[in-house]
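Engineer: Provided below for reference: sequence and predicted model.
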Amino acid sequence: MKKVHIILLVLIAGSIAVLISFLKASTTYDSIDSAKAKAGKYVHVIARLDRSQPIEYDALKDPNYLSFTAVDSLGKTVKVIYRNAKPDNLESSEHLVLKGDYENDHFECKEIMMKCPSKYKDDMNAAEKNIRETTQAEPIENQTADKRTN
């Protein structure tokens, strides 16, 4: 076998190994029901904070215990236990990405990623208002024509 063939085989084997490692690293988002079905397996769940239920967190008693209720897009709820400090903007987040596994009767969360409201949302409302105001205003050609006739 030529050296070129050996080098090509090594490169092909290396690229296959890299692709397999990427497949293992890529994850999909699960619902609460599918997380329950995969009990004990590390999953990512997209949910939102159920503001009608209390948040249990006492920084003086146990700063590494947070418990709250999460609701997924299908309306299913689950008790979430996060054994770390409470994130600052938990209440203001629109969506939560909960990374962890389902155990017994709750979701044991290892990491929380918060999706906060878009900073551009207010800018879009202001832009729409500005567009409405400018379209309702008198056209520039008419304003200059009025000045010439006066």
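Structural biologist: Yep, it's here.

Engineer: When you work out contacts or count neighbours from here on, use the C-alpha atoms and nothing else.
Structural biologist: Fine.

Engineer: neighbouring contacts of stretch 56-64?
Structural biologist: Tyr65, Leu66, Ser67, Phe68, Tyr82, Arg83, Asn84, Ala85, Lys86 (C-alpha atoms under 8 Å, 6 or more residues apart in numbering).

Engineer: is the residue lying closest to Asp30 once chain neighbours are set aside in a bridge, and if so with what?
Structural biologist: Among residues not flanking Asp30 along the chain, Val45 sits closest, at 5.0 Å (C-alpha to C-alpha, 6 or more residues apart in numbering). When assigned by DSSP bridges, Val45 has beta-bridge partners Asp30, Leu98.

Engineer: Tell me the pLDDT of Val45.
Structural biologist: pLDDT, Val45: 91.

Engineer: ok, it to Ala35 distance?
Structural biologist: Counting by C-alpha to C-alpha, to the nearest Å, the gap from Val45 to Ala35 is 8 Å.

Engineer: Check His44 too.
Structural biologist: In terms of C-alpha to C-alpha, His44 sits 8 Å off from Ala35.

Engineer: in stretch 31-40, what's buried?
Structural biologist: Residues of stretch 31-40 classed as buried: Ser31, Ile32, Asp33, Ala35, Lys36 (neighbour count, 16 or more other C-alpha atoms under 10 Å).

Engineer: thought the third one was touching Lys76?
Structural biologist: To tie it back to what came earlier, the one meant is Asp33. Yes - Asp33 is within contact range of Lys76, at 7.5 Å (criterion: C-alpha atoms under 8 Å).

Engineer: Skip the chain neighbours and tell me the closest residue to the residue nearest the centre of the chain.
Structural biologist: Nearest to the geometric centre of the chain sits Lys115, at 4.4 Å (C-alpha atoms, centre = their mean). Using C-alpha to C-alpha, 6+ apart and skipping residues adjacent in sequence, the residue nearest Lys115 is His95, 5.0 Å away.
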